[in-house]
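>>> Provided below for reference: sequence and predicted model.
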Amino acid sequence: MSERTPVSVLVVDDSAQNRYTLTRLLESTPDVRVLDRAADGEEGLKKVLELKPDVVTLDLEMPKLGGFTFLRLLMRTSPTPVIVISSYAHRSDVFKALELGAFDFIAKPARGTQEELEKMRVELLEKVHAALHVRPGQRHASPGARALAVAGELPLVVAVGASTGGPPAVQRVLEGLASEPTPCVLVSQHMPAQFTRAFAERLDRIGPFTVTEASEGDVVQPGHVYIAPGGRHLVVVERGTRLELHTPPPTPLDKYAPSVDRLFTSVAQVLGNRALAVVLTGMGADGAQGAREIQRAGGEVWAESEETAVVFGMPGEAVAAGAVKRVLRLGEIGPALAAWARKRR
């Protein structure tokens, strides 16, 4: 048995089969203990207040009290890290849940094969343990974006890397950058393949940027945001007088796809001392090596501060690598990027 106190989890799902499966996956290690299970949001909210679990897993579609209302009430009364368990059919709902304060999400396996369940088990346990590092009530508020015209000029390029807690953070950065919507922003966000297009579509609706999931051969344009497709990398290459995007598949050596390191390294190689990269919240060390490449090329790397990062793993590793020039609170990053862009027009 582990000497550590097990992480306590409450499972909230209206499906008895899902509750059983999640409990089995969670309790496959002695480091995690399922305190109880709830079949709807109303019962789940009562059990959170009664049992005080470290983490809650949540199905968004439930009777009596739906997942969104559950999140609003939970964050108001007893802020607790929540991991949303989402089906591919309702992937757009995930991003609303993250804005309401959910810590992260996991996709339900499409077929439920043993291989898929094992992958889900590893991801679930990783995120449950990471949730322990979240301060109560911490989340990325979203003040709303302004719709501004995009100037027709050659783009400045900003590369952004994020993982856990990243979707609301990326949105917040773009909203802060809205006063100067001329740069091109390349985003490598750890996310399953079926969710990145929905993420891009959601960001596109807030304006002023045109946001799309990146495709092979896209030409980099000002005022555009390109989201790395899940399961593939996003890299920038120089083609004569223009910049193009490539989306190569991962190799067996790649731990993440998309990889922040791969994006940052390509930006360093192509842009040199004009490169600017931002490392946002996330688990692990992805981005640290790429940040060093940008530093060696004479570019700049900024990192989100520990004060606002949901998980300080990725920005902390980049800072520890000695590659970060500025450490900023999340709300400061967008305006700082706007000021940086204005100086370089």
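Nice, I can see it. Bear in mind the structure is a predicted one, so any value in this text is a computation, not a measurement.
>>> need the next SSE after the helix or strand harbouring Leu124, C-terminal direction.
Using DSSP states H and E, Leu124 falls within helix 114-131. Using DSSP H and E, the helix or strand that follows helix 114-131 in sequence is strand 157-162.
>>> tell me what that following strand is packed against?
helix 166-176, strand 184-189, helix 260-271, strand 276-279 (3 or more Cβ pairs under 8 Å, 6 or more residues apart in numbering; DSSP states H and E). Bear in mind the C-beta positions are built from the backbone N, C-alpha and C, glycine included.
>>> Can you tell me how far Leu132 is from Thr212?
Applying Cβ to Cβ, to the nearest Å, the value for Leu132 to Thr212 is 36 Å.
>>> who has more neighbours, the two?
Thr212 (16 against 10; other Cβ atoms under 10 Å).
>>> give the contact list for that one.
Contact partners of Thr212, counting by Cβ atoms under 8 Å, 6 or more residues apart in numbering, are 200, 204, 218, 224-227.
>>> what about 6 Å?
Ala200 (Cβ atoms under 6 Å, 6 or more residues apart in numbering).
>>> pLDDT on the strand or helix carrying it, on average?
Using DSSP H and E, Thr212 maps to strand 210-213. Strand 210-213 carries an average pLDDT of 96.
>>> again with stretch 242-261
On average, stretch 242-261 scores 94.
>>> Next, the buried residues of that stretch.
Neighbour-count burial for stretch 242-261 flags 243-247, 256-261 (criterion: 16 or more other Cβ atoms under 10 Å).
>>> still on that earlier bit, find the one among the helices and strands packed on strand 157-162 with the highest mean neighbour count.
strand 276-279 (a mean of 29; mean count of other Cβ atoms under 10 Å).
>>> Skip ahead from it and say which helix or strand is next.
helix 288-296.
>>> what is the mean pLDDT for that following helix?
97.
>>> Show the secondary-structure elements that that helix is packed against.
Packing contacts for helix 288-296, counted by 3 or more Cβ pairs under 6 Å, 6 or more residues apart in numbering; DSSP states H and E, involve helix 260-271, helix 313-320.
>>> Can you tell me, leaving aside adjacent residues, what's nearest to Val84?
Phe105 (4.1 Å; Cβ to Cβ, 6 or more residues apart in numbering).
>>> for the one you found, helix, strand, or coil?
strand (DSSP: H, G, I helix; E, B strand; the rest coil).
>>> And for Val84?
strand.
>>> By mean pLDDT, point me to the weakest helix or strand of the chain.
helix 91-99 (a mean of 86; mean pLDDT, DSSP states H and E).
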